[in-house]
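A.B. asks: With the input below, show me the fold.
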Amino acid sequence: MSSQTLHNRPDNLILLFFFITGLTGLAYELVWIRLLILAFGSTQFAVTTVLVTFMAGLALGSLVFGRIIDRFSSPLKAYAAIETALGIYCILSPFIFSAVKGFYLSLSVVPESAAHAAGFEAMQFMLSFLALIVPTTLMGGTFPALVKYFAGRSGRVGFHTAVPYAVNTLGAVAGCLLTGFYALYFIGVKTTVYAAGAVDILVGVAVFLVYCTGAKPEPRVGISTDAELPTSKGGEGSRWINRAVIAAFTLSGFASLVYEVLWSRVLSLVIGSSIYAFTVMLATFLIGIAAGSIIFAPFIDRRKTPLVWFASLEAIIGVASLLGIFLYKELPFALFSMKEAFGANFWLYLFLQFLLVSAVMIIPTLCMGAIFPLVGRIYTKGLDSIGRNIGAVYFFNTFGAIFGAFVGGFVIIPLIGVQAGVVITAALNVALAVLIIFVSTERAAVKAVAAAVFVAAFAVSALMLPRWEKTLMTLGLYVNQASGKTVEEITKAASAGELVYYREGINAVITVRKSADSVAYQANGKQEARAVDGRPSAAWALLGHLPALLHGGIPQDALVVGLGSGITLGAMTHHPIKNFDVIELESAVVEASGFFLESNGNALADPRVKLHVTDGRGFLFSGKKKYDIIVSGVSDPWITGVSNLFTREYFSEVKDKLNANGVAAVWFQNYRITHEELKAGLNTIADVFPHVSVWFHYTDSLDLVVMASKTPHALDLERLKKIFSPEGGMVREGLLKIGLKDPYDVFATYLMGNADAREYLKGAALNTDERPYLEFMLPKRMYMDPGVGVKNIEDILTLVKDPAPPVEMAEGEKESFYADLGKSYNKYNFRLHQSLKLFEKALEKNPENREAAAYAKALRKEIKSGLKP
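C.D. replies: Here you go, the predicted model:
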């Protein structure tokens, strides 16, 4: 193959390859983060650790391979080798990560102190680093190789930094959308990484065969530019100027990641925390960067004063980010209007969310995308060092981004909040603009005027900023919790209550609202619990009472995953359980539970209770202790992170941590959910546990409580009679608070037992770590009529063959039990068919039971005439 033939190869093909590997690279990132979070838990530290380790590998790869690339006669050979090696590693990565998880769990125990927790987190960082350092270092080496190849053919360093950067980032956008919207569920988490690895191997082989077989060294040209570079004027080419530029670019990378963290927090209040919301936010950020790079590409090598452009772009980022604050309080209402008009069309509504997110991000990210190739052009002195120079630029920018991710999430948000964080970060951008303009070769007067313009634009914007609207920003309009249908009605409804608690926690924004008769707490605007007139929420209290009532003996140890309002824990502390371990991910939720003292009985002050502020899944998987009761009372399974507590693997670990006669209780949503998703959630539990039953509180939210155990579980009739006697004590008191006045009120919370549940669940999907069905399907149902839960209950009741709950009693008591339960069910219109079945069962025991016969006759007539549904 002649050098002339090689030189005439279409560059578009290699750009297509780089687009494809940008796609696979983002797929790797999303899958690896998910796999390691499943191993370490979804604490913000664990998530950030994985992200930081990923970026550290990219930075190291760009630095190391940037130096190596300059020694290659054909950088495409290096690129082909890197992609092939990367693909091989990535196909093996699920097995490697599984080994890392196994090693981690074999060494770790539940941290008992702050020092122990720090060691725990250090171990997570080390293992993440070991798992990710090889592939991410390889990934970081691809960019310097491609820039070396393209710039070596034309000499246009700026242009050929911008174009591959934009193309690779556009590939990352495609990878983000494909993985986040489709691949993780439809082909599976691990299958996604297998497919991406195979694609990378094919790309590596194709590049080698097409470009490198028999290839001769590329023809060299000099750097082409019309710009005044640091080497072209006295003083500006000195080492300290270069150091100033690279330092500014490092801090610019820091600011970029701080913005991403802060914007994600703001937008999670607007569009929620689903996998789709996360994908929209990340894709928008990447689109802006790619577009900025490609728009600016034709002009980079022709800029006469690149340092002035660098300074100007930094100033625009800062001022545009400040001006974005003016949009914040309008975003929830804009989304609400879009939802009212287009919510029924999920994909159109998702596209409108993208436009909404773009309003905040697009101008700053366009400028971020333009800056990278510009700095690459400024910093590159010649083709012999282009790999090293571009690698260094990438390294220092990513190094800054690493610290930005940590500082944004762990310092800025919890200490000063989102809006103040944006202001401070914008001030950093403007300060960098002033620094860069003063190291340029412009005349002193021009420098002074430019700096004054930058500072004045920032100052005017900052002084005019609206205040952060805590009440409006945390209304949770994305989940349709507004009392009114117009902006005016929503605002009026919001002002009716008092916001008594607000904290921007590390994991979420937590708020507590009080009205004349109620108190409620929200996470990222979504209401999680409510108490009226000091009475606990019946559904959450039932979640605490049932496992204690169904346990066959006296439980010694109980685990509660999810403190929330503390109502579930409060219900459990009414029972004679010896020890409680309570897990709560967000410390702000622990504080918020203090506003529910009347309804949770100040449960955290109970000496039997030990609180652990950590991830529930991580605690369960890493601990060795076994329990008599495990209660899982976390938020909805459509929320990313929370969804990991509704998978088959999680419930398998719950089963493993239960004693032989232990009982597990799981809260499951019954609103904005179809039978298909409801079945999938219940089937996932039933697939793990041999014995399940489903319960609900007929006067409350109709959300479900799923009871699961290794051995059959049942209520004890005699025990319940004692509980409801005057000597019933605290247990009776707790049950009375949620309207359960006698044993038959408890029985009336029963929905279906093991046999009926398994009949109902035939053919249902499973929710697994590999195929997270609920996480992907439930966000599409968020805009259904919330009243669908009533219909779900009614539909299930028509299928139930045995309406009697599992109750231990003497054979001679069954006749009166069925008759009395039939009377209890007869009070509820939706249970008339079940009431009739119970009277018929009583008559089977004693055909001479006149009262049962009379009830049965009346019910048959009532049902037939349709007097009651």
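
A.B. asks: Can you tell me the centre-most residue of this structure?
C.D. replies: T640 (3.1 Å; Cα atoms, centre = their mean).

A.B. asks: I275 is in contact with that residue, correct?
C.D. replies: Yes - between T640 and I275 there is a contact at 5.2 Å, judged by Cβ atoms under 8 Å. To be clear about C-beta, it is placed using only N, CA and C from the backbone, and glycine gets the same treatment.

A.B. asks: which residues are in contact with both of the two?
C.D. replies: E775 (Cβ atoms under 8 Å, 6 or more residues apart in numbering).

A.B. asks: re earlier: return the residues in contact with the residue nearest to the centre of the chain.
C.D. replies: Applying Cβ under 8 Å, 6+ apart, the residues contacting T640 are 273-275, 278, 775.

A.B. asks: Could you rerun that using 10 Å?
C.D. replies: Residues in contact with T640 (Cβ atoms under 10 Å, 6 or more residues apart in numbering) are 34, 37, 42, 180, 268, 272-279, 772, 775, 779.

A.B. asks: One more: M361?
C.D. replies: 259-260, 263, 267, 281, 284-289, 320-321, 324, 368.

A.B. asks: In terms of helices and strands, where is Y349?
C.D. replies: Y349 belongs to helix 346-379 when elements are defined using DSSP states H and E.

A.B. asks: starting at the chain centroid, how far to that helix?
C.D. replies: Offset of helix 346-379 from its chain centre (Cα atoms, centre = their mean, to the nearest Å): 21 Å.

A.B. asks: Next one: A297 from K610, what distance?
C.D. replies: The gap separating A297 from K610 is 59 Å, by Cβ to Cβ, to the nearest Å.

A.B. asks: typo on my end, L766
C.D. replies: Going from L766 to K610 by Cβ to Cβ gives 33 Å.

A.B. asks: higher neighbour count, the two?
C.D. replies: L766 (16 against 12; other Cβ atoms under 10 Å).

A.B. asks: The more buried one should be in a helix, yeah?
C.D. replies: No - looking at L766 with DSSP: H, G, I helix; E, B strand; the rest coil, it is coil, so not inside a helix.

A.B. asks: which residues does V663 contact?
C.D. replies: Counted by Cβ under 10 Å, 6+ apart, V663 has contacts 546-552, 555, 558, 627-631, 689, 691, 707-711, 713.

A.B. asks: And the contacts of stretch 830-838?
C.D. replies: With Cβ under 10 Å, 6+ apart, stretch 830-838 has contacts from 698, 748, 750-751, 790, 793-794, 797-798, 800-804, 817-828, 852, 855-860, 862-863, 867-869.

A.B. asks: returning to that earlier point: in helices only, show me the contacts of V663.
C.D. replies: Among these, the members falling in helices (DSSP state H) are 546-550.

A.B. asks: Which of those residues ranks first by neighbour count?
C.D. replies: Going by other Cβ under 10 Å, P547 tops the ones in helices among the contacts of V663 with 28 neighbours.

A.B. asks: Contact partners for that one?
C.D. replies: Applying Cβ under 10 Å, 6+ apart, the residues near P547 are 555, 558, 571-572, 575, 577, 628-631, 662-666, 705, 707-709, 713.

A.B. asks: list the helices and strands the longest helix anywhere in the chain packs on?
C.D. replies: Counting residues, the longest helix found in the chain (DSSP H) is helix 114-154. The contact analysis (3 or more Cβ pairs under 10 Å, 6 or more residues apart in numbering; DSSP states H and E) places helix 114-154 against helix 11-40, helix 44-69, helix 75-107, helix 157-178, helix 189-207, helix 346-379, helix 386-407, helix 616-622.

A.B. asks: quick check: angle from that helix to helix 44-69?
C.D. replies: Orientation check (axes from the mean of the first three to the mean of the last three Cα atoms, to 10 degrees): helix 114-154 against helix 44-69 gives 30 degrees.

A.B. asks: In terms of helices and strands, where is W667?
C.D. replies: Element membership for W667 (DSSP H and E) is strand 658-668.

A.B. asks: If you count neighbours, what's buried in that strand?
C.D. replies: 658-659, 662-668 (16 or more other Cβ atoms under 10 Å).

A.B. asks: out of those, who's nearest L761?
C.D. replies: When these are compared for distance to L761 (Cβ to Cβ), F668 wins out at 12.9 Å.

A.B. asks: Bridged to that closest one, which residues?
C.D. replies: For F668, the beta-bridge partners are L704 (DSSP bridges).

A.B. asks: ok, L585 touching V642?
C.D. replies: Yes - contact criterion Cβ atoms under 10 Å: L585 and V642 qualify, at 8.9 Å.

A.B. asks: For those two, indicate the residue with more neighbours.
C.D. replies: Higher neighbour count among L585 and V642: L585, with 31 against 20, using other Cβ under 10 Å.

A.B. asks: Okay, the more buried one and N600: tell me how far apart.
C.D. replies: 18 Å.

A.B. asks: Then L184?
C.D. replies: Taken as Cβ to Cβ, the span from L184 to N600 is 37 Å.

A.B. asks: Show me which of the two is the more surrounded one.
C.D. replies: Using other Cβ under 10 Å as the criterion, L184 and N600 rank with N600 on top: 27 against 24.

A.B. asks: neighbours around F299, how many?
C.D. replies: With neighbours defined by other Cβ under 10 Å, the count for F299 comes to 14.

A.B. asks: Roughly how far does it sit from I416?
C.D. replies: The gap separating F299 from I416 is 38 Å, by Cβ to Cβ.

A.B. asks: hang on, the earlier thing: quick one, which of the contacts of stretch 830-838 are buried?
C.D. replies: Using 16+ other Cβ under 10 Å, the buried members of the contacts of stretch 830-838 are 698, 748, 750-751, 793, 797, 800, 802-804, 817-826, 852, 855-856, 859, 862.

A.B. asks: domain ranges for the protein?
C.D. replies: The record assigns the chain these domain ranges, following automatic domain parsing: 1-224, 229-465, 474-528, 537-801, 809-869.

A.B. asks: how about a markdown table for the ones you listed, with mean pLDDT added?
C.D. replies: As requested, these are exported to a markdown table (pLDDT from 0 to 100):
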| stretch | mean pLDDT |
| --- | --- |
| domain 1-224 | 82 |
| domain 229-465 | 90 |
| domain 474-528 | 84 |
| domain 537-801 | 94 |
| domain 809-869 | 87 |
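
A.B. asks: Spatially, what comes nearest to A708 if we skip its sequence neighbours?
C.D. replies: Once flanking residues are discounted, A708 sits nearest to F689: 3.8 Å by Cβ to Cβ, 6 or more residues apart in numbering.

A.B. asks: Equivalent analysis for G408, please.
C.D. replies: Closest to G408 by Cβ to Cβ, 6+ apart is V261, at 3.3 Å.

A.B. asks: give me the number of residues near the one you found?
C.D. replies: 23.

A.B. asks: Show the contacting residues for it.
C.D. replies: V261 neighbours (Cβ under 10 Å, 6+ apart): 48, 51, 404-410, 412-413, 418, 421, 425.
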